[in-house]
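In: Predicted model and sequence follow; I will ask about them next.
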Amino acid sequence: MAGIQVLTVSQLNRYVKTKLEEDPLLHGIFIKGEISNFTRHRLSGHCYFTLKDEKAAVKCVMFASQARSLRFEPENGLAVVAAGNISLYERDGAYQVYVTDLIPEGLGSLQLAFQQLYARLERQGYFDAACKKPLPRYPQVIGVVMSEHSAAFQDVCNIVSRRYPAVKILLHHSSVQGQDAPAQLAAGVRALDTRCDVIIIGRGGGSYEDLWCFNSEELARVIFSAKTPVVSAVGHETDFTICDFVSDCRAPTPSAAAELVTPQLEHLLSMLQGYRETMFAREVRYLNEQSQRLDDAFVRVRRSALGKITANTQALYSCRDRIQRTFRALLQKKQYQLAGAAARLEAASPLRRMAAGYARVQKDGQGIRSVGQLSPDDEILIRLADGDASARIVAIEERWKGNAKEKAEL
């Protein structure tokens, strides 16, 4: 084998790789095909897949730095145009496409990304009507997530102040387009949540790319998790974003959103006047009904009272008659008893005996019943039936012959 150059496998692969990379036709190449065997490495974020058509296939790799800029999620069966460079993977000796960008065939990348995110959130229930929160009828504070200097925010302020000046507007300034807008919009909803009664998020019209920040998955999840009702007002009436579908209510424009969340002052005043008239009429009717009930109650009470008075009067007369009869019978009985007692008293009266010739003798106001109570020269008073006489004891003669006991009993 003299004169023959022998290459190692590594030298061969390195040579072929150099030739491939030096070929200008293989730089910035565009390849159309269908994605299969797609895999995203969990740690590095690199994407590995195969592009194929009806007759052939080629290995592809897309590094994480390029994959992060994709607007959509690559998936098997998706027809794409891959932009990149051709090179050889020396270890395996296989050439592959180092992809720098992927473009969906037929649909634009933004439209495809929208459809993929919409389908994913719909499967997770983010658009269910049962999850929508009702808007307050009379909000006190309205939160707004918009650009502070935008015409859309000025329209919201003008309409709210004209329709319902009593409400307070709480603004959280945010970019509404560009790379930083999705995070700022999500931060605005978080900051206003629970601090107001309803939140308006949106901007005026623009291109599909200008409105793309409202298709952010992060923003959609923040809106869905908010405790405060959110009204989406993005672009014009024909524009639709993920924000519109996940919000509790969609308004075609920011101005329409301002009208949607505020009652009209004239309507409120008219409604209050109607309530006032209704309440006055009900009050008058109530007072008339109560007055009639009072009159009816007075008639019933009067009739009942008269009936009770009549019945009680009759009962009182009957009671009076019973008392009079009882009193007369008792009086008559007492009169009989008194007459009997008087007769007995008359029969036992000392005056009656005195009238028969007896006298009562007293000494110093005390009655004398025995000569033993007297002494000679005592002054005594002799009480007769028709008068009294004073006398002096001259002599005492005791005529009692019985013993002391019989004398004491007498």
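Out: Sure thing, it's come through.
In: Alpha carbons of whatever helix or strand residue 97 lives in, as PDB, please.
Out: For residue 97, the host element (DSSP states H and E) is strand 94-104. This file holds the C-alpha atoms of strand 94-104, laid out as PDB (Å, rounded to 0.1, in the frame of the first residue of the first chain):
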ATOM      1  CA  ALA A  94     -23.900  11.400  10.000                       C
ATOM      2  CA  TYR A  95     -24.700  14.800   8.500                       C
ATOM      3  CA  GLN A  96     -27.500  16.800   9.900                       C
ATOM      4  CA  VAL A  97     -29.200  20.200   9.600                       C
ATOM      5  CA  TYR A  98     -28.300  22.700  12.300                       C
ATOM      6  CA  VAL A  99     -31.600  24.600  12.400                       C
ATOM      7  CA  THR A 100     -31.600  28.300  13.200                       C
ATOM      8  CA  ASP A 101     -35.300  29.000  12.600                       C
ATOM      9  CA  LEU A 102     -38.600  27.100  11.900                       C
ATOM     10  CA  ILE A 103     -41.400  28.500   9.900                       C
ATOM     11  CA  PRO A 104     -44.800  26.700   9.800                       C
END
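In: Test for you: state the pLDDT assigned to the spatially most central residue of the chain.
Out: When CA atoms, centre = their mean is applied to the chain, the residue found nearest the centroid is residue 136 (14.8 Å). Residue 136 is assigned a predicted lDDT (pLDDT) of 93.
In: got the contact list for the helix or strand just after the strand holding residue 97?
Out: Moving toward the C-terminus from strand 94-104, the next helix or strand (DSSP H and E) is helix 109-123. For helix 109-123, contacts defined as CB atoms under 8 Å, 6 or more residues apart in numbering pick out 70-73, 75, 102-104, 107, 127, 208-209, 212, 215, 217, 220, 242, 245-246. The C-beta positions use only the backbone N, C-alpha and C, and glycine is treated the same way.
In: Try it again at 6 Å.
Out: 71, 72, 73, 104, 215, 217, 220, 242 (CB atoms under 6 Å, 6 or more residues apart in numbering).
In: Only whichever of these are buried, select them in PyMOL.
Out: Here is the PyMOL command that selects the buried residues among these (16 or more other CB atoms under 10 Å):
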select buried, resi 71+72+104+215+217+220+242
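In: Turn the contacts of helix 109-123 into a markdown table, including distance to residue 149 and pLDDT.
Out: Shown next, in a markdown table, are the contacts of helix 109-123 (distance: CB to CB, whole Å; pLDDT from 0 to 100):
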| residue | distance to residue 149 | pLDDT |
| --- | --- | --- |
| 71 | 28 | 79 |
| 72 | 33 | 80 |
| 73 | 35 | 84 |
| 104 | 36 | 81 |
| 215 | 23 | 90 |
| 217 | 28 | 91 |
| 220 | 26 | 95 |
| 242 | 25 | 91 |
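In: Mind checking which of the contacts of helix 109-123 are in helices?
Out: Using DSSP state H, the subset of these located in helices is 217, 220, 242.
In: from the contacts of helix 109-123, which two are the most distant?
Out: 104 and 220 (21.2 Å; CB to CB).
In: tell me the helices in this protein, going along the chain?
Out: With helices called from DSSP H, the chain shows them at 9-22, 64-67, 109-123, 151-163, 181-192, 217-225, 242-246, 254-261, 265-348, 350-355, 404-409.
In: residues of the first one that come out buried?
Out: Using 16+ other CB under 10 Å as the test for burial, helix 9-22 gives 13, 17.
In: can I have that helix written out in CSV, keeping just the CAs?
Out: Extracted in CSV, the C-alpha atoms of helix 9-22 (Å, rounded to 0.1, in the frame of the first residue of the first chain):
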residue,chain,number,x,y,z
VAL,A,9,-12.4,7.6,10.7
SER,A,10,-12.0,10.8,12.7
GLN,A,11,-9.9,12.3,9.9
LEU,A,12,-12.5,11.3,7.3
ASN,A,13,-15.4,12.8,9.3
ARG,A,14,-13.5,16.0,10.0
TYR,A,15,-12.6,16.3,6.3
VAL,A,16,-16.2,15.7,5.1
LYS,A,17,-17.4,18.2,7.8
THR,A,18,-15.0,20.8,6.5
LYS,A,19,-16.2,20.3,3.0
LEU,A,20,-19.8,20.6,4.0
GLU,A,21,-19.2,23.7,6.0
GLU,A,22,-17.1,25.3,3.1
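In: Outside of it itself, list whatever touches it.
Out: 26, 86, 87, 88, 90, 93.
In: quick revisit: just the ones in helices among the contacts of helix 109-123 now: which is nearest residue 399?
Out: If you rank the ones in helices among the contacts of helix 109-123 by distance to residue 399 using CB to CB, residue 220 comes first, at 149.6 Å.
In: I'd guessed that closest one sits against residue 242; true?
Out: Yes - between residue 220 and residue 242 there is a contact at 5.1 Å, judged by CB atoms under 6 Å.
In: Can you work out which residues contact both of these two?
Out: With CB under 6 Å, 6+ apart, residue 220 and residue 242 have no common neighbours.
In: among the contacts of helix 9-22, who's most crowded?
Out: Most neighbours among the contacts of helix 9-22, by other CB atoms under 10 Å: residue 88, with 20 neighbours.
In: Quick check: beta-bridge partners of it?
Out: Beta bridges link residue 88 to residue 95 when assigned by DSSP bridges.
In: where does it land on pLDDT?
Out: 90.
In: got the contact list for it?
Out: By CB under 6 Å, 6+ apart, the residues touching residue 88 are 13, 16, 17, 20, 95.
In: between the helices of the chain, which has the poorest average model confidence?
Out: helix 404-409 (a mean of 46).
In: Let me have the contacts of helix 9-22 in CSV, adding distance to residue 264 as columns.
Out: Putting those into CSV (distance: CB to CB, whole Å) gives the following:
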residue, distance to residue 264
26, 68
86, 67
87, 68
88, 72
90, 74
93, 76
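In: The strand holding residue 97 versus helix 9-22: what angle between them?
Out: Angle, strand 94-104 to helix 9-22, by axes from the mean of the first three to the mean of the last three CA atoms, to 10 degrees: 30 degrees.
In: to the chain's geometric centre, what's the distance from strand 94-104?
Out: 60 Å (CA atoms, centre = their mean, to the nearest Å).
In: again, but for stretch 187-196
Out: 22 Å.
In: buried set for that stretch?
Out: Buried-residue list, stretch 187-196, by 16+ other CB under 10 Å: 187, 188, 189, 192, 193, 196.
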